[in-house]
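Colleague: Pasting the sequence and the predicted model now:
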Amino acid sequence: MITIKSEREIELMRIAGSIVYKTHQYLKPYIKEGITTQELNDLAEEFILSQNATPSFKGYGGFPGTICTSINNQVVHGIPGKRKLKNGDIVKLDIGACYKGFHGDSAWTYAVGEISEEKKYLMEHTEKALYEGIKQVKPGNRIGDIGEAVEKYAEEHHLGVVKELVGHGVGTSVHEDPEVPNYGKKGTGPLLKEGMVIAIEPMLNLGTADVYILDDDWTIETDDGSPSAHYEHTVAVTKDGYKILTGE
Ligand code: MG
Ligand code: MG
(Lines give C-alpha, C1' and ligand atoms only; values in the text may rest on other atoms or scores of the structure.)
(Ligands and ions follow the chains in the order given, each with its own letter.)
Protein backbone atom coordinates (compact mmCIF):
# COMPACT_ATOMS: atom_id res chain seq x y z
CA MET A 1 0.00 0.00 0.00
CA ILE A 2 1.32 3.43 -0.91
CA THR A 3 0.73 5.88 1.92
CA ILE A 4 0.09 9.61 1.54
CA LYS A 5 1.63 11.69 4.30
CA SER A 6 0.01 14.72 5.92
CA GLU A 7 1.85 18.02 6.20
CA ARG A 8 2.66 17.25 9.82
CA GLU A 9 4.05 13.85 8.89
CA ILE A 10 6.16 15.33 6.11
CA GLU A 11 7.53 17.81 8.65
CA LEU A 12 8.57 14.92 10.95
CA MET A 13 10.14 13.20 7.95
CA ARG A 14 12.01 16.38 7.13
CA ILE A 15 13.47 16.34 10.65
CA ALA A 16 14.36 12.62 10.32
CA GLY A 17 15.92 13.38 6.93
CA SER A 18 17.93 16.28 8.26
CA ILE A 19 19.30 14.04 11.05
CA VAL A 20 20.46 11.61 8.35
CA TYR A 21 22.03 14.49 6.42
CA LYS A 22 23.77 15.78 9.55
CA THR A 23 25.07 12.28 10.33
CA HIS A 24 26.70 12.17 6.89
CA GLN A 25 28.28 15.58 7.50
CA TYR A 26 29.44 14.50 10.94
CA LEU A 27 31.15 11.39 9.56
CA LYS A 28 32.84 13.07 6.58
CA PRO A 29 36.01 14.29 8.34
CA TYR A 30 36.56 10.79 9.76
CA ILE A 31 36.57 9.10 6.35
CA LYS A 32 40.32 8.66 6.09
CA GLU A 33 42.86 5.92 5.62
CA GLY A 34 43.16 3.74 8.75
CA ILE A 35 39.69 4.12 10.24
CA THR A 36 37.67 0.91 10.47
CA THR A 37 34.10 0.65 9.25
CA GLN A 38 33.12 -0.32 12.80
CA GLU A 39 34.49 2.98 14.08
CA LEU A 40 32.44 4.87 11.48
CA ASN A 41 29.41 2.83 12.50
CA ASP A 42 29.87 3.66 16.18
CA LEU A 43 30.33 7.37 15.50
CA ALA A 44 27.11 7.33 13.46
CA GLU A 45 25.19 5.55 16.19
CA GLU A 46 26.37 7.96 18.87
CA PHE A 47 25.43 10.93 16.68
CA ILE A 48 21.99 9.65 15.71
CA LEU A 49 21.14 8.93 19.36
CA SER A 50 22.33 12.43 20.32
CA GLN A 51 19.67 13.82 17.96
CA ASN A 52 16.84 12.04 19.82
CA ALA A 53 16.53 9.61 16.93
CA THR A 54 17.21 5.90 16.50
CA PRO A 55 19.12 4.13 13.72
CA SER A 56 16.65 2.69 11.19
CA PHE A 57 18.79 -0.22 10.06
CA LYS A 58 20.03 -1.63 13.37
CA GLY A 59 18.30 -4.96 13.79
CA TYR A 60 16.27 -4.44 10.59
CA GLY A 61 15.81 -7.95 9.20
CA GLY A 62 18.61 -8.90 11.61
CA PHE A 63 21.15 -6.42 10.20
CA PRO A 64 23.86 -6.12 12.85
CA GLY A 65 25.11 -2.59 12.13
CA THR A 66 23.77 0.92 12.58
CA ILE A 67 24.83 1.91 9.08
CA CYS A 68 25.84 -0.01 5.96
CA THR A 69 29.48 0.40 4.95
CA SER A 70 30.35 -0.93 1.49
CA ILE A 71 33.83 -0.59 0.00
CA ASN A 72 34.84 -0.54 -3.70
CA ASN A 73 33.28 -3.61 -5.39
CA GLN A 74 30.80 -4.01 -2.54
CA VAL A 75 27.59 -2.44 -3.81
CA VAL A 76 25.42 -2.16 -0.69
CA HIS A 77 24.62 -3.68 2.72
CA GLY A 78 28.23 -4.06 3.83
CA ILE A 79 28.42 -4.94 7.52
CA PRO A 80 30.68 -2.67 9.59
CA GLY A 81 33.68 -4.46 11.06
CA LYS A 82 37.45 -4.51 11.41
CA ARG A 83 38.27 -3.63 7.81
CA LYS A 84 40.27 -0.42 7.57
CA LEU A 85 39.77 2.15 4.84
CA LYS A 86 42.75 2.48 2.51
CA ASN A 87 43.95 5.33 0.35
CA GLY A 88 42.24 5.00 -3.05
CA ASP A 89 39.12 3.23 -1.73
CA ILE A 90 35.61 4.45 -2.24
CA VAL A 91 33.21 3.78 0.61
CA LYS A 92 29.44 3.94 0.52
CA LEU A 93 27.71 4.88 3.75
CA ASP A 94 24.00 4.14 3.86
CA ILE A 95 22.33 5.81 6.83
CA GLY A 96 18.77 5.69 8.16
CA ALA A 97 17.32 7.47 11.17
CA CYS A 98 13.91 7.34 12.78
CA TYR A 99 12.48 10.43 14.49
CA LYS A 100 9.12 10.27 16.26
CA GLY A 101 8.20 7.20 14.26
CA PHE A 102 9.22 8.46 10.81
CA HIS A 103 12.31 7.51 8.84
CA GLY A 104 14.85 9.18 6.59
CA ASP A 105 17.19 7.17 4.34
CA SER A 106 20.20 8.42 2.42
CA ALA A 107 23.36 6.83 1.03
CA TRP A 108 26.44 8.59 -0.24
CA THR A 109 29.76 7.52 -1.77
CA TYR A 110 32.99 8.96 -0.41
CA ALA A 111 36.57 8.94 -1.67
CA VAL A 112 39.31 7.88 0.73
CA GLY A 113 42.38 10.02 0.00
CA GLU A 114 43.39 10.06 -3.69
CA ILE A 115 41.22 7.89 -5.92
CA SER A 116 41.60 6.85 -9.56
CA GLU A 117 40.11 8.84 -12.44
CA GLU A 118 37.74 5.98 -13.19
CA LYS A 119 36.39 5.96 -9.64
CA LYS A 120 35.93 9.74 -9.86
CA TYR A 121 33.99 9.24 -13.09
CA LEU A 122 31.81 6.56 -11.48
CA MET A 123 31.03 8.76 -8.47
CA GLU A 124 30.31 11.89 -10.50
CA HIS A 125 27.91 10.16 -12.85
CA THR A 126 26.14 8.06 -10.24
CA GLU A 127 25.40 11.22 -8.27
CA LYS A 128 24.17 12.90 -11.45
CA ALA A 129 21.99 9.87 -12.23
CA LEU A 130 20.33 10.32 -8.83
CA TYR A 131 19.41 13.92 -9.68
CA GLU A 132 18.18 12.87 -13.13
CA GLY A 133 15.77 10.58 -11.29
CA ILE A 134 14.77 13.21 -8.73
CA LYS A 135 13.95 15.70 -11.52
CA GLN A 136 11.13 13.39 -12.61
CA VAL A 137 9.35 13.65 -9.25
CA LYS A 138 6.10 15.59 -9.50
CA PRO A 139 2.41 14.79 -9.23
CA GLY A 140 1.15 13.17 -12.42
CA ASN A 141 4.45 11.53 -13.32
CA ARG A 142 4.97 7.83 -12.73
CA ILE A 143 7.59 5.67 -11.03
CA GLY A 144 8.69 4.46 -14.46
CA ASP A 145 9.63 8.04 -15.42
CA ILE A 146 12.21 8.00 -12.62
CA GLY A 147 13.57 4.60 -13.60
CA GLU A 148 13.87 5.49 -17.26
CA ALA A 149 15.71 8.73 -16.49
CA VAL A 150 18.24 6.98 -14.22
CA GLU A 151 18.77 4.09 -16.62
CA LYS A 152 19.13 6.31 -19.68
CA TYR A 153 21.71 8.50 -17.94
CA ALA A 154 23.65 5.45 -16.72
CA GLU A 155 23.66 3.85 -20.15
CA GLU A 156 24.82 7.06 -21.82
CA HIS A 157 27.75 6.97 -19.43
CA HIS A 158 28.42 3.24 -19.91
CA LEU A 159 27.69 2.33 -16.30
CA GLY A 160 25.98 -0.90 -15.24
CA VAL A 161 22.62 -0.46 -13.48
CA VAL A 162 22.13 -2.86 -10.55
CA LYS A 163 18.61 -4.25 -10.96
CA GLU A 164 18.35 -6.62 -8.00
CA LEU A 165 18.01 -3.72 -5.57
CA VAL A 166 15.59 -0.82 -5.86
CA GLY A 167 14.48 2.39 -4.17
CA HIS A 168 11.30 2.40 -2.12
CA GLY A 169 8.63 4.33 -0.30
CA VAL A 170 9.60 5.72 3.11
CA GLY A 171 7.37 6.51 6.10
CA THR A 172 6.69 4.83 9.42
CA SER A 173 8.64 1.94 7.94
CA VAL A 174 12.00 2.55 6.28
CA HIS A 175 10.95 0.38 3.34
CA GLU A 176 7.40 0.83 2.08
CA ASP A 177 5.60 0.62 -1.23
CA PRO A 178 6.15 1.47 -3.97
CA GLU A 179 9.36 -0.05 -5.29
CA VAL A 180 11.41 2.53 -7.17
CA PRO A 181 13.62 0.70 -9.70
CA ASN A 182 16.57 2.34 -11.38
CA TYR A 183 15.26 1.18 -14.74
CA GLY A 184 11.92 1.24 -16.44
CA LYS A 185 9.71 2.87 -18.96
CA LYS A 186 8.24 6.34 -18.94
CA GLY A 187 4.50 6.45 -18.30
CA THR A 188 4.42 3.11 -16.47
CA GLY A 189 4.20 2.15 -12.81
CA PRO A 190 2.45 3.81 -9.87
CA LEU A 191 1.33 7.42 -10.24
CA LEU A 192 3.15 10.01 -8.12
CA LYS A 193 0.85 12.04 -5.86
CA GLU A 194 1.40 14.91 -3.47
CA GLY A 195 2.30 13.54 -0.01
CA MET A 196 4.11 10.44 -1.22
CA VAL A 197 7.67 10.00 0.05
CA ILE A 198 10.16 7.84 -1.82
CA ALA A 199 13.84 6.98 -1.64
CA ILE A 200 15.57 7.13 -5.01
CA GLU A 201 18.88 5.29 -4.96
CA PRO A 202 20.84 4.43 -8.09
CA MET A 203 23.53 1.79 -7.63
CA LEU A 204 25.82 1.94 -10.66
CA ASN A 205 28.84 -0.18 -11.55
CA LEU A 206 31.88 0.70 -13.57
CA GLY A 207 31.59 -2.74 -15.15
CA THR A 208 28.64 -4.99 -15.85
CA ALA A 209 25.36 -4.76 -13.94
CA ASP A 210 25.68 -8.23 -12.41
CA VAL A 211 25.97 -8.68 -8.66
CA TYR A 212 25.95 -11.52 -6.13
CA ILE A 213 25.38 -11.86 -2.41
CA LEU A 214 28.19 -12.92 -0.05
CA ASP A 215 28.04 -15.76 2.45
CA ASP A 216 27.31 -13.26 5.23
CA ASP A 217 23.84 -13.04 3.61
CA TRP A 218 24.06 -9.25 3.45
CA THR A 219 26.92 -7.82 1.44
CA ILE A 220 26.25 -7.44 -2.29
CA GLU A 221 29.31 -7.37 -4.59
CA THR A 222 29.80 -6.85 -8.29
CA ASP A 223 30.32 -10.07 -10.25
CA ASP A 224 33.27 -8.72 -12.19
CA GLY A 225 34.92 -7.05 -9.19
CA SER A 226 34.47 -3.56 -10.64
CA PRO A 227 33.77 -0.65 -8.28
CA SER A 228 30.21 0.41 -7.57
CA ALA A 229 28.73 3.71 -6.38
CA HIS A 230 25.49 4.45 -4.55
CA TYR A 231 23.70 7.76 -3.98
CA GLU A 232 20.33 8.05 -2.30
CA HIS A 233 17.95 10.75 -1.17
CA THR A 234 14.55 10.54 0.48
CA VAL A 235 12.25 12.82 -1.51
CA ALA A 236 8.69 14.06 -0.87
CA VAL A 237 6.28 14.69 -3.73
CA THR A 238 4.99 18.26 -3.31
CA LYS A 239 2.14 20.15 -4.98
CA ASP A 240 4.23 21.09 -7.98
CA GLY A 241 7.39 19.00 -7.76
CA TYR A 242 9.56 17.59 -5.01
CA LYS A 243 11.43 18.36 -1.86
CA ILE A 244 14.61 16.51 -0.89
CA LEU A 245 14.21 15.58 2.78
CA THR A 246 17.74 14.26 3.35
CA GLY A 247 19.56 17.34 2.01
CA GLU A 248 20.75 20.51 3.74
MG1 MG B 1 19.57 3.69 2.20
MG1 MG C 1 16.92 3.03 0.73
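Modeller: In hand now; what should we look at? Given the structure is predicted, the values throughout are model-derived calculations rather than measurements. Ligands and ions are numbered 1, 2, ... in the order given.
Colleague: switch to C-alpha atoms for all contacts and neighbour counts from now on
Modeller: Will do.
Colleague: who are the neighbours in contact with the closest residue to residue 197 other than its chain neighbours?
Modeller: Nearest residue to residue 197, sequence neighbours excluded (C-alpha to C-alpha, 6 or more residues apart in numbering): residue 236, at 4.3 Å. Contacts for residue 236 (C-alpha atoms under 8 Å, 6 or more residues apart in numbering) come out as 10, 194, 195, 196, 197, 198, 242, 243, 244, 245.
Colleague: Quick check: which element contains the third one?
Modeller: Residue 195 belongs to no helix or strand when elements are defined using DSSP states H and E.
Colleague: For burial, what's the neighbour tally of it?
Modeller: 19 (other C-alpha atoms under 10 Å).
Colleague: Also the first one?
Modeller: Residue 10: 22 surrounding residues under other C-alpha under 10 Å.
Colleague: tell me which parts of this protein are close to ligand 1?
Modeller: For the chain, the contact set with ligand 1 under C-alpha under 5 Å from the ion comprises 94, 105, 106.
Colleague: Take the residues you listed and keep only those in strands.
Modeller: 94, 105, 106 (DSSP state E).
Colleague: For the last one, give me its contacts.
Modeller: So the one you mean is residue 106. Here residue 106 is in contact with 17, 20, 21, 94, 95, 96, 199, 231, 232, 233, 234, 246 (C-alpha under 8 Å, 6+ apart).
Colleague: what's the distance between residue 6 and residue 18?
Modeller: 18 Å (C-alpha to C-alpha, to the nearest Å).
Colleague: which one of those two has more residues nearby?
Modeller: Using other C-alpha under 10 Å as the criterion, residue 6 and residue 18 rank with residue 18 on top: 20 against 12.
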